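**Q** Quick one: sequence and predicted model below, then my questions.
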Amino acid sequence: AQSVSQHNHHVILSEAASLELGCNYSYGGTVNLFWYVQYPGQHLQLLLKYFSGDPLVKGIKGFEAEFIKSKFSFNLRKPSVQWSDTAEYFCAVNADSASKLTFGTGTRLQVTL
Amino acid sequence: EAGVAQSPRYKIIEKRQSVAFWCNPISGHATLYWYQQILGQGPKLLIQFQNNGVVDDSQLPKDRFSAERLKGVDSTLKIQPAKLEDSAVYLCASSVGPSGRNIQYFGAGTRLSVL
């Protein structure tokens, strides 16, 4: 069975600080990896995804993530956060053969002015 | 393009009562998912439909939960009877197809409180 671990449950940063959120997964086969974001009062929306190829993927709003296969990791990064990045971030994984998503527990990011 | 529509947004019931949630996916999306998100946890898949057939319901508590997608478009999820531990947000999502590379689009969810 797949599982996803997000070790940072609540992160507080000042504007302009750099961000890195950890995500580790366990699954023996080929996986697809996703980061979803949920802004306050809004629905879950896709931030970025990795299927294959270049392990460094770029998403919306300046976010990027790096897939490191040997570490089973897919960490999310942003060089300089803004107050508007305050949200909950979920890492998710599925097998290439099936679309069922397995989510991590989420990281609540709070950006202060 | 309209997104995934869910109703109601909020529902408060007492334990042992029944409740139903409705979802209208993005037009043309053949695959529909219901997830349960308990406070402090990530969403967990309850059931996946491909058109009007069930693909995966392995984590659906079938003694109390049921779901249908009769015409392959709208779907309803029902709980009968509800328990306190069913308090959660119920998310509906849809995708073009069942491939792992098809993006899932989520609705705003229904927040259920069981008292």
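**A** Received it, and whenever you're ready, just let me know what you need. On a predicted model such as this, the values are computed, not experimentally measured, just so you know.
**Q** Chain A against chain B: which residues are in contact?
**A** A:4, A:32, A:36, A:42-46, A:49, A:51, A:90, A:92, A:94-106 (CB under 8 Å from any CB of the partner chain). No exception for glycine: its C-beta is placed from N, CA and C like everyone else's.
**Q** can you tell if stretch B:105-115 touches chain A?
**A** Yes. For stretch B:105-115, a contact with chain A is found by CB under 8 Å from any CB, at B:Tyr105, B:Phe106, B:Gly107, B:Ala108, B:Gly109.
**Q** and the closest residue to chain B within chain A, bridged to which residues?
**A** Nearest residue of chain A to chain B: A:Phe103, at 3.0 Å (CB to the nearest CB). Using DSSP bridges, the bridge partners assigned to A:Phe103 are A:Ala92.
**Q** Go ahead and confirm it touches B:Ile38.
**A** No. Using CB atoms under 8 Å, A:Phe103 is not in contact with B:Ile38, being 11.5 Å away.
**Q** which residues are common contacts for those two?
**A** Common contacts of A:Phe103 and B:Ile38 (CB atoms under 8 Å, 6 or more residues apart in numbering or on different chains): B:Lys44.
**Q** Those two: which is more packed in?
**A** A:Phe103 (21 against 13; other CB atoms under 10 Å in any protein chain shown).
**Q** give the contact list for the more buried one.
**A** Taking CB under 8 Å, 6+ apart, one finds A:Val4, A:Tyr36, A:Phe90, A:Cys91, A:Ala92, B:Gly42, B:Pro43, B:Lys44 in contact with A:Phe103.
**Q** before we move on, back to that, could I get the residues of stretch B:105-115 next to chain A as a markdown table with distance to A:Asp85?
**A** Putting the residues of stretch B:105-115 next to chain A into a markdown table (distance: CB to CB, whole Å) gives the following:
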| residue | distance to A:Asp85 |
| --- | --- |
| B:Tyr105 | 21 |
| B:Phe106 | 19 |
| B:Gly107 | 23 |
| B:Ala108 | 20 |
| B:Gly109 | 21 |
